[in-house]
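K.L.:
sequence unknown, structure follows:
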């Protein structure tokens, strides 16, 4: 029983601890609800041939709305405005790009030397319509750029060298109203000088007179364009070689051979339509119309003479007129073969030895 009571007591205490933790979480009020604060950040960025200016407003009282964000005097017709109602703050971001080589903040001469000066904003200049108890608690400013090297800065600035290709100047939680810097930028093929002039009611600020030289711990890595890749040229196969040889041959045949064949066909058709005519020189009874050599009579050599008659030709006996000669008798044959034999020797063997 004591073991059971101990287990029950342990389980009861664990449940009470869990309930107290959950109750504390549910009953706690958000910490950001009591923050009547506004953070303000200004970004100045220089590109290869353009300048942009951005304003970031974070209202932790969550009274800022989109309409007030779009009505900020710094918004121009080519500005980009973005509003977001977040969990802890309502954020307003305004970005203005100056693409006409003119702006109120940054100047770059033909040698790439940079001069920057700006007068920072005040909260009341934004006309956000916030309650009177909302205060500006943090104000930051940044100078950034592509392949930017900073040589001098106004007081309160910090040089950031985390990026190996560019410097960055930061004025964090600053109370300064005027900031400035000097430096240079890398010049590219599309480089164009940039001028500082008044625009949209913003007058260029004077460069602070108390600029201080900065000490770098590393050098800027300049941009080096990569060489253009060589176009891939595959090896020529047998099919490609055949095409290279066959195409000119076919073209040559079409240009020269086809007209020649057509001309020959047309000539053959003309001869067929006219027919074959025997020249007069080869007709019967006429002589050769051309020139004659000595001894020529000008007559047809294959024509029969007028003195030759058919009856003068020798008569060839025919088969019907032939009769075989009479066969001789055996006695006459023997006498022709053996003319010296007499009648007495007819019964004697002619091949026997002579008698004595």
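P.N.:
Everything's here; your move. Everything quoted here is computed from the prediction, not taken from an experiment.
K.L.:
just give me the neighbour total for residue 134.
P.N.:
Applying other CB atoms under 10 Å, we find 18 other residues in the vicinity of residue 134. Where C-beta positions appear, they are placed from N, C-alpha and C, glycine not excepted.
K.L.:
what of residue 246?
P.N.:
Residues near residue 246, counting by other CB under 10 Å, number 10.
K.L.:
any idea how far it lies from residue 253?
P.N.:
Distance, residue 246 to residue 253, using CB to CB, to the nearest Å: 10 Å.
K.L.:
same check on residue 191?
P.N.:
Residue 191 is 58 Å from residue 253, where distance means CB to CB.
K.L.:
now swap in residue 195 and tell me
P.N.:
In this view, residue 195 and residue 253 are 68 Å apart by CB to CB.
K.L.:
again with residue 169
P.N.:
To residue 253, residue 169 is 76 Å away according to CB to CB.
K.L.:
the more surrounded of these two?
P.N.:
Higher neighbour count among residue 169 and residue 253: residue 169, with 25 against 12, using other CB under 10 Å.
K.L.:
test my guess that that one contacts residue 150.
P.N.:
Yes: Residue 169 is within contact range of residue 150, at 5.6 Å (criterion: CB atoms under 8 Å).
K.L.:
overlap in contacts of the two?
P.N.:
143, 159, 181 (CB atoms under 8 Å, 6 or more residues apart in numbering).
K.L.:
quick one: which of those sit in strands?
P.N.:
Counting by DSSP state E, the part of the shared contacts of residue 169 and residue 150 found in strands is 143, 159, 181.
K.L.:
of the residues you listed, select the buried ones using a ChimeraX command.
P.N.:
The ChimeraX selection below is limited to those of those classed as buried (16 or more other CB atoms under 10 Å):
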select :143,181
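K.L.:
quick one: mean pLDDT for the helix or strand hosting residue 137?
P.N.:
Assigned by DSSP states H and E, residue 137 falls within strand 135-145. On average, the pLDDT along strand 135-145 is 97.
K.L.:
contacting residues around the helix or strand just after it?
P.N.:
Using DSSP H and E, the next helix or strand after strand 135-145 towards the C-terminus is strand 148-153. Outside of strand 148-153, the residues within contact range by CB under 8 Å, 6+ apart are 46, 114, 143, 159, 166-169, 180-185, 211-214, 220.
K.L.:
angle of strand 148-153 against strand 135-145?
P.N.:
Counting by axes from the mean of the first three to the mean of the last three CA atoms, to 10 degrees, strand 148-153 lies at 120 degrees to strand 135-145.
K.L.:
list the buried residues for strand 148-153?
P.N.:
Within strand 148-153, the residues that qualify as buried are 148, 149, 150, 152, 153, counting by 16+ other CB under 10 Å.
K.L.:
distance of the last one from residue 105?
P.N.:
It refers to residue 153. From residue 153 to residue 105 the distance is 15 Å (CB to CB).
K.L.:
coming back round to it: quick one: which of the shared contacts of residue 169 and residue 150 is nearest residue 35?
P.N.:
The nearest member of the shared contacts of residue 169 and residue 150 to residue 35, counting by CB to CB, is residue 143 at 28.8 Å.
K.L.:
could you list the low-confidence segments of this protein?
P.N.:
Applying pLDDT under 70 to the chain picks out residues 1-34, 226-237, 239, 275-356.
K.L.:
would you map the helices across it?
P.N.:
Using DSSP state H, the helices found in the chain span residues 2-27, 66-70, 238-252, 258-274, 330-337.
K.L.:
buried ones in the shortest one, by neighbour count?
P.N.:
Residues of helix 66-70 classed as buried by neighbour count (16+ other CB under 10 Å): 68, 69.
K.L.:
by contact count, what packs against it?
P.N.:
The helices and strands touching helix 66-70, judged by 3 or more CB pairs under 8 Å, 6 or more residues apart in numbering; DSSP states H and E, are strand 80-85, strand 90-98.
K.L.:
give me the contacts around the longest one.
P.N.:
Under the contact criterion CB under 8 Å, 6+ apart, strand 90-98 has outside partners 50-59, 62-65, 68-69, 72, 74-76, 78-84, 128, 199.
K.L.:
using PyMOL, define a selection of the buried residues within the contacts of strand 148-153.
P.N.:
A single PyMOL command selects the buried members of those (16+ other CB under 10 Å):
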select buried, resi 46+114+143+166+167+168+169+180+181+182+183+184+185+211+214+220
